[in-house]
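Asks: Here's a sequence, model it:
(3 chains)
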Amino acid sequence: MTSAPLSLRFGRFCYLAFNIGVVVFLLAPIAIVFVFALNPTPYIQFPPVGVSMRWFEKFFASRDFMNALWFSLEVAALTTVAATLFGASAALALARGRLPGSRAITAIMLSPLMLPAILTGLALFQTYVLLDVGRPTWGLVLGHTLVSIPYVVRTTLAVLHNFDTRLEEAAQNLGAGALRTYFEVTLPLTKPGVMAGAVFAFIVSFDQFPISLFLVSPGHETLPITLFNYLKFDLDGTIGAASVVSIVLAVLVVIGLDRTVGLRSTAQL
Amino acid sequence: MTIIRKPVNRRQFLAVAATAGAGVIAAPHVARAQAATLRITGWGGKWAQTMSTEVIPAFEKEFKCKVETDTAFPFLPKLQASSRSNPVYDVLHTNSNEQWAALEMGIVEAKIDAKQVPNIADVYPYAVSDKIVGVCIFTSAIGLGMRTDKGYGKVTSWKDLWDRAYDGVRGGYVIPVNSLGQAFLMMSGRLYGKGMTDLDAAYAAMEKLKPIKLADFTGTMEKMILSGEVGLAVIHDSGILRYDGQNQPTAFVAPSEGVLALEQVLTLTPGTKVRELANAYVNYMLSPGVQKILAESVWYSPANSKVKLDDRYNDKLLTTPAKVATLIQPDWKWYNAHKDEIDARVNRIFRA
Amino acid sequence: MNATRTAVSPIAWLIAPSALLFALFFFLPMGLMALISVLSGNPVVQPNVTFTAKFYTRMLSDSYYFEVIWTTIRIGLFTTLAALLIGYPLAHWMARIRGRTAYALLMMSVLTPMLTGIVVRTFAWMALLSDKGVINQTLTGIGLISKPLPLMYNEFSIVLGLTHIYIPYMVLTLVGVIGRIDERLEHAAQNLGASPLRAFFEVTLPLSLPGILAGSLLVFALAISAYVTPILMGGFQIMTLPMLIYQQISSSFNVGFAAALGMVLLAISLVLIVAYNRILGMISGQRDLQ
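Replies: Residues are numbered from 1 along each chain as shown, chains lettered A, B, ... in the order given. So this is what the prediction gives:
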């Protein structure tokens, strides 16, 4: 390989340089958030005038932010469970159920992803009013679930389409029932796809803004909503501190995933 | 339960009593739960902080109830979508322009009953004028906010905002969504045309304001002035005064042509199930003690004329009949009737 | 196609919970919105509403709305293109990189922005691009410029912000597809004398077309329905359809018109989904023939 022609090595260099550039582009704003979280002035200022923990203190001392953070985690956890159950079983039905019109059904299952979520949010709010149920937490969770299901369906379908159906057929030929085949062959093989879907469901819910906008109720606001409303009154470093906290949480989640299920097999859309 | 004002005949009284009794027997837990909760709206930021730590707990204690405050925008669409007989809020707190829109939709009541809210007797006339739905509890003066460290000339008039010296550092609002922007649009009709309703003059004036940095919310404008991104901008006095004593190089200018009123208005919803509590809340918000706490926390001028603020606040807020007289109250009923037409036009004017 | 495929399997019943959820919490609400877009008022709270086409005629009568729709689509297209051009090489690198740690680090740099939250990320871009932001202050500080560059409040900044937010979706869609392409095919092409670049264009790229399509559709759909980023990065001087919808709901209280605008956005999305399915069908059909 050392004798590779110059043009090849130059090409290789460009390829790496470009990709490193992309990674920098992805991470630069994140780094900026750290700078602003630590800068003591109550507005955007560069270069920073000092280092202070005041925004972190304000964030952790604020009941509103803490409540919102925990509520967001709670909603995201519930959404992840619900979306994974709904989405994975739907994907299985679509891939193995020999449903008539499965292609059209797939398109429908993916459509909440493609629609303006603000409209979905308002429509859900209007529906809850119609059903006279108020603004319950389950309503918010179902709204999040609805827009998370497409991700689970996508990731699970991708795996189901890619693995060899002959494995399942072999199991059945060896006398295993449909159920047993499912639990012993299909499920373990689908796991990476389902896990990936679960991860995205969590992300979509934790970062959900337009669906939550109309569905949150007093005392039960998610973090993005609280941040957005806070931004309207106080554009200070607390936003930065809140971000740093969620970034740290995010990195922990990613590391945890890598340790438990492995990133290479799961994190794909 | 309710204070009976009109004499009622015996049959009516019995009917009401029977209905109420049946209701209590049929759903005792519902009746009790609803009687104990007052649902209101409120701003975020410092206002929310003062309300939740100082103002609301005392009210909850005094009236043995729970107050649920929605601080997540937008308020009106939620109220609009909820049923008239079972609204999501009991008391709506928002700016005057939205209150007029709400009245138009029939989701708030036109007036507060002064008999149920004794403190109304002490408010300045503007707070219950024909330009106000419900009652105004605080007002801010919309004028100009400027940087004092950039060597700009003396600012005395609204017209200084059109000075080419401020190109690149001029600040205004997104007119379709912000009441300061809407009030300012009307003001420019008065400055350059026949009056507050001269839209053609106002549009021409808006065209000449470009380049301009637009904010959708006053908090954003505050920060743009503080960071120096904006040097001269339309803003309410509170947005500048709340940094008083923090050595910020900013100042509020009350233009010679008069300041515009940015009213904080309370209304009751027709379908409220806790009318008595709602009235008590409005009365409480107008009481001198609460008015003083909030005025000194967020620098809003109190509507109650009997309130005595500390000198520091008294000097800068509108606390005398003479100072209050400089307020110009826009005609929001007229504005809302023309809103779609104005939105379509200004969206075009300010597009990049 | 074997005979057993024709009979519906009991597994098909697994679709039932989702079908119910979609019926109640997707079709019913969307139907309600479609209905509201042709009614004179909100049927839930107002009696005596009549059918009307006024919201649609309003849209047709003013070219402003066409411009908004076109701006939305244009921003969506630029964002998709940028995300694809920037995201593809990264996805390729990730799919081919060998070390587990290197892969984990790359994956972390893709997932972290995704987990950071849309409001926060947009705030970070504002901190970078505003007149008093990092770039302008640095350039002014070293004396390169005397007046801040207009980096924000234009279409460029919206596309930049959206690209940053949606690249991860593109990359994650592509990584799987590229990863499944047998590397030996590329080597075979190279052994036959093709340059790595030519091998890429003739082998890898065509085989990853389904991933490109899927990722592009996803990014485009997300970009045209984005709300927070266009608002904060565009400084309200660029109007997109979701912004207009929100403005109609929150400040004009005209849910009917908002619903009608929403139906337009819905129509754009549906056309795209159908087109996507057609093209995908064509590609896989071709492959079957080969």
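Asks: going forward, measure contacts between C-alpha atoms and count neighbours the same way
Replies: OK.
Asks: Contact partners for the closest residue to chain B within the stretch 101-250 of chain A?
Replies: Nearest to chain B, among the residues of the stretch 101-250 of chain A, is residue A:233, at 4.2 Å (C-alpha to the nearest C-alpha). Applying C-alpha atoms under 8 Å, 6 or more residues apart in numbering or on different chains to residue A:233 gives the contacts B:44-45, B:217-220.
Asks: Check residue A:143 too.
Replies: A:121, A:124, A:211-212, C:25.
Asks: Could you check how far it is from residue C:118?
Replies: 18 Å (C-alpha to C-alpha, to the nearest Å).
Asks: go on, residue A:39?
Replies: 21 Å.
Asks: can you give me the helices in the stretch 151-290 of chain C?
Replies: Using DSSP state H, counting those that start in this stretch, the helices of the stretch 151-290 of chain C run over residues C:155-180, C:183-191, C:196-199, C:205-207, C:209-224, C:228-234, C:241-250, C:255-289.
Asks: Quick one: those helices as a markdown table, columns for mean pLDDT, mean neighbour count and distance to residue A:222 too.
Replies: A markdown table is the format used below for the helices of the stretch 151-290 of chain C (pLDDT from 0 to 100; neighbours: other C-alpha atoms under 10 Å in any protein chain shown; distance: least, C-alpha to C-alpha, whole Å):
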| stretch | mean pLDDT | mean neighbour count | distance to residue A:222 |
| --- | --- | --- | --- |
| helix C:155-180 | 89 | 24 | 20 |
| helix C:183-191 | 80 | 15 | 45 |
| helix C:196-199 | 81 | 16 | 48 |
| helix C:205-207 | 87 | 16 | 41 |
| helix C:209-224 | 88 | 23 | 21 |
| helix C:228-234 | 85 | 24 | 15 |
| helix C:241-250 | 88 | 22 | 19 |
| helix C:255-289 | 79 | 17 | 24 |
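Asks: which one of those helices lies closest to residue B:159?
Replies: Checking the helices of the stretch 151-290 of chain C against residue B:159 by C-alpha to C-alpha gives helix C:228-234 as the closest, at 27.0 Å.
Asks: Using CSV, write out every CA atom in that closest one.
Replies: Output of helix C:228-234 as CSV, limited to C-alpha atoms (Å, rounded to 0.1, in the frame of the first residue of the first chain):
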residue,chain,number,x,y,z
VAL,C,228,-38.3,26.5,15.3
THR,C,229,-35.2,26.8,13.0
PRO,C,230,-36.7,28.9,10.3
ILE,C,231,-38.2,31.2,12.9
LEU,C,232,-35.0,31.8,14.9
MET,C,233,-32.5,31.7,12.0
GLY,C,234,-34.6,33.5,9.5
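Asks: helices or strands up against that helix?
Replies: Contact partners of helix C:228-234 among helices and strands, from 3 or more C-alpha pairs under 8 Å, 6 or more residues apart in numbering or on different chains; DSSP states H and E: helix C:118-129, helix C:155-180.
Asks: relative to helix C:118-129, how tilted is the helix or strand immediately after the shortest one in the chain?
Replies: For helix C:118-129, the succeeding helix or strand toward the C-terminus, using DSSP states H and E, is helix C:134-141. Calculated by axes from the mean of the first three to the mean of the last three C-alpha atoms, to 10 degrees, helix C:134-141 forms an angle of 10 degrees with helix C:118-129.
Asks: Run through who's touching helix C:134-141.
Replies: A:45-47, C:127-131, C:145-149.
Asks: That one: which residues count as buried?
Replies: Within helix C:134-141, the residues scored as buried using 16 or more other C-alpha atoms under 10 Å in any protein chain shown are C:134-137, C:140.
Asks: Just the CA atoms of it, as CSV, please.
Replies: Coordinates of each C-alpha in helix C:134-141 appear next as CSV, following Å, rounded to 0.1, in the frame of the first residue of the first chain:
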residue,chain,number,x,y,z
VAL,C,134,-18.5,34.1,17.4
ILE,C,135,-17.7,34.4,13.7
ASN,C,136,-18.4,38.1,13.4
GLN,C,137,-16.6,39.0,16.6
THR,C,138,-13.6,37.0,15.7
LEU,C,139,-13.3,38.5,12.2
THR,C,140,-13.9,42.0,13.6
GLY,C,141,-11.3,41.3,16.4
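Asks: Quick one: mean pLDDT over it.
Replies: Per-residue pLDDT values over helix C:134-141 give a mean of 87.
Asks: circling back: tell me which of the helices and strands packed on helix C:228-234 lies nearest to residue B:114.
Replies: Of the helices and strands packed on helix C:228-234, nearest to residue B:114 by C-alpha to C-alpha is helix C:118-129, at 43.8 Å.
Asks: Of the contacts of residue A:143, which are in range of chain B?
Replies: Among the contacts of residue A:143, no residue lies close to chain B (C-alpha under 8 Å from any C-alpha of the partner chain).
Asks: Check those residues and tell me the two furthest apart.
Replies: Farthest pair in the contacts of residue A:143 (C-alpha to C-alpha) is A:212 and C:25. Separation: 14.4 Å.
Asks: Neighbour count for these two, which is higher?
Replies: Neighbour count, other C-alpha atoms under 10 Å in any protein chain shown: between residue A:212 and residue C:25, residue A:212 has more, with 26 against 21.
Asks: Let me see the contact set for the more buried one.
Replies: Taking C-alpha under 8 Å, 6+ apart, we find residue A:212 in contact with A:121, A:140, A:143-144, A:222, A:225.
Asks: So which of those is surrounded by the most neighbours?
Replies: residue A:222 (30 neighbours).
Asks: Output the contacts of residue A:143 as a markdown table; include the columns pLDDT and secondary structure.
Replies: As requested, the contacts of residue A:143 are exported to a markdown table (pLDDT from 0 to 100; DSSP: H, G, I helix; E, B strand; the rest coil):
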| residue | pLDDT | secondary structure |
| --- | --- | --- |
| A:121 | 86 | helix |
| A:124 | 90 | helix |
| A:211 | 88 | helix |
| A:212 | 90 | helix |
| C:25 | 89 | helix |
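Asks: which among these gets closest to residue B:50?
Replies: Nearest to residue B:50 among the contacts of residue A:143, with distances taken as C-alpha to C-alpha, is residue A:212, at 25.8 Å.
Asks: For chain A, what's the nearest residue on chain B?
Replies: Closest to chain A within chain B is residue B:219: 4.2 Å, counting by C-alpha to the nearest C-alpha.
Asks: Tell me the pLDDT of that residue.
Replies: So residue B:219 comes in at 84 (pLDDT).
Asks: swap in the one 3 residues further on?
Replies: Turning to residue B:222, the model gives it a pLDDT of 89.
Asks: I'd like the next helix or strand past the helix or strand hosting it.
Replies: Element membership for residue B:222 (DSSP H and E) is helix B:218-227. Next helix or strand after helix B:218-227 toward the C-terminus (DSSP H and E): strand B:232-236.
Asks: Against which helices or strands is that next one packed?
Replies: Looks like strand B:232-236 contacts strand B:135-147, strand B:170-173, helix B:179-192, helix B:218-227 (3+ C-alpha pairs under 8 Å, 6+ apart).
Asks: and of these, who's closest to chain C?
Replies: helix B:218-227 (7.0 Å).
Asks: Residue B:292 is in contact with residue B:308, isn't it?
Replies: Yes - the pair residue B:292 / residue B:308 is scored as a contact, 7.3 Å apart, by C-alpha atoms under 8 Å.
Asks: Quick check on those two: which one has the bigger neighbour count.
Replies: When residue B:292 and residue B:308 are compared for neighbours, residue B:292 comes out ahead with 21 against 15, by other C-alpha under 10 Å.
Asks: For that one, list the residues it contacts.
Replies: B:302, B:307-309.
Asks: Closest to residue C:20 out of the residues you listed?
Replies: residue B:302 (53.7 Å).
Asks: how many neighbours does the closest residue to the closest one other than its chain neighbours have?
Replies: Setting aside the residues directly before and after it, residue B:302 is nearest to residue B:138 in space (C-alpha to C-alpha, 6 or more residues apart in numbering or on different chains), at 4.7 Å. A count of neighbours around residue B:138, defined by other C-alpha under 10 Å, yields 24.
Asks: in chain C, what residue is nearest chain A?
Replies: Counting by C-alpha to the nearest C-alpha, chain C gets nearest chain A through residue C:12, at 4.0 Å.
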